[in-house]
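> structure of the sequence below:
(one chain, ligands or ions: 3)
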Amino acid sequence: MRRLFFSLIMGACTLMAADAEQPLVILVSIDGGRWDYPEKHDAPFLQKIAGDGARVERLTPSFPTKTFPNHYTLVTGLRPESHGIINNKFYDEEFDAWFGIGNHPAAREGRWWGGEPIWLTAQRQGLRSACMFWPGAEADILGQYPDEWRRYDGKMRESDRVAQVLEWTGRPAEKRPHMITLYFEAVDSKGHRFGPDAVETKLAFHHIDDVLEDLADGLRKQGLWDKAHLIFTADHGMTFKDPTQVVALADYIDPESFAIVTLGATGGLSAEPERIPEILAALAKAPHLRAFERSAVPTRLHFSANERIPDIVLIPDAGWRVMLHSPTAGMGSKDRGDHGYDNREPDMGALFIAHGPKIPAGQALSVTDNIHVYNLLCALLGIEPAPNEGDDTLLQILAP
Ligand code: AMP
Ligand code: ZN
Ligand code: ZN
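Ligands and ions are numbered 1, 2, ... in the order given. Below you'll find the predicted structure:
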């Protein structure tokens, strides 16, 4: 009897020890959540969490400052030219196929996605992962999916997404995921339509702030708030766009001399090699636009070393967009916000707040690149990172 009691106690201790040692990291993306939104849009929960943890003044996204490239940079530590998701839309000559977002089937094929995302790094080292949406989470990258994932559905209510995360964290320790992603698009959507300063964007940010507080309350009820590490971040920011500010390519170059890959806040053209010099010379005359041959994109943008990058890369000034023709008066998009621009534009900067037992309160870091987030996730999970382009910059927020 005494031996049985002893072994029961030992068993319980081992379980408790395992529970205490189990890492729990939740990576939250508020798409289009600009670095200054918590104050600008009065978000009490995020402001409080920032004070109780660490805040990066502004997280610099990778170029182009678009959703898919940057979400995948956050979870791989690789820049878009290295992980291969070089934009939301691009063409791959070897595959003779297009990649796209939304409901595009390519986004679910592992062959497009380079590097090793955090959910696979975790699984390879014996941990469990679950993705409540994240670009790449639906693809068989390196032949493997996250242990749990949901097919992207932009209409799924934010509260249901939080409820799914809490269902995962509420599981017994031996079944609980260690690495969880959580994604929200509402702030980006309102930012595009109404602009970063609009009341609609403010309300969307408030709403996300509220559901994140519900997440924290749920974790508290599960006794996990003091054990969990949470990172609240974003893929890029948002800047005001005047819909009349258009660089019309056809005003400068013959539309027959190139093919369009993408237009908008960043653009890409493909052209025969012999036509490229004349196209670049003509576009050099276009105000509010910089045009580069792929090999000549400024080094700081790290946007040359991948065949998927279009022959000509177009970077309009913030607030402008590249189109083929100027829209006729009264027609065209009325959107008041955009992103995709040069990552040096302060408005492209993303928010970054980290909270948890290993992160002492009240830390403020200056501007930091988003390639460093992956190494922080690995450190919080206690696992070895896969080769990546980040360093230990963000590890300085951890208690010694
Ligand atoms: P962007 O055009 O760069 O502003 O992209 C934002 C949009 O990406 C969102 O509004 C969604 O429509 C889409 N999106 C975000 N995450 C996913 C996902 N995991 N799968 C498919 N589409 C997504
Ligand atoms: Zn985005
Ligand atoms: Zn967007």
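
> show me what contacts R151?
E138 (C-beta atoms under 8 Å, 6 or more residues apart in numbering). Every residue, glycine included, has its C-beta placed from N, CA and C.

> same thing but at 10 Å, please
N103, R108, F133, A137, E138 (C-beta atoms under 10 Å, 6 or more residues apart in numbering).

> and the first one, what pLDDT?
What it means is N103. The score at N103 is 83. That number is its pLDDT.

> tell me how far the residue of the stretch 1-150 of the chain at minimum distance from ligand 1 lies from C131.
Across the stretch 1-150 of the chain, no residue is closer to ligand 1 than T67, which sits at 3.2 Å (C-beta to the nearest ligand atom). Distance of T67 to C131, given as C-beta to C-beta, to the nearest Å: 15 Å.

> so what's the residue of the stretch 1-150 of the chain closest to ligand 1 up against?
Here T67 is in contact with 29, 31-32, 61, 85, 87-88, 101, 135, 183, 185, 188, 234-236, 339-340 (criterion: C-beta under 10 Å, 6+ apart).

> switch the cut-off to 7 Å
By C-beta atoms under 7 Å, 6 or more residues apart in numbering, the contact list for T67 reads D31, N88, I101, P135, D235.

> quick one, phi psi at it?
phi -70, psi -60 (degrees, to the nearest 10).

> can you check the pLDDT for it?
For T67, the predicted pLDDT is 98.

> need the pLDDT of P346.
pLDDT, P346: 98.

> same thing with S333?
Reported pLDDT for S333: 82.

> any idea how far it lies from V246?
10 Å.

> what does D254 give?
19 Å.

> so the two - more neighbours on which side?
Taking neighbours as other C-beta atoms under 10 Å, D254 and V246 compare with V246 leading, 20 against 12.

> report the contact partners of that one.
R321, M323, S326, P327.

> ligand 2 contacts on the stretch 151-300 of the chain?
Contact residues (C-beta under 5 Å from the ion) of the stretch 151-300 of the chain with ligand 2: D188, D235.

> this protein: helices as residue ranges?
2-21, 37-40, 44-52, 67-76, 80-83, 118-124, 158-169, 186-194, 199-221, 276-283, 373-381 (DSSP state H).

> for the most centrally placed residue in the chain, which non-adjacent residue is closest in space?
The chain has H71 as the residue nearest its centroid, 2.6 Å off, counting by C-alpha atoms, centre = their mean. With sequence-adjacent residues excluded and distances taken as C-beta to C-beta, 6 or more residues apart in numbering, H71 is closest to P135, at 4.2 Å.
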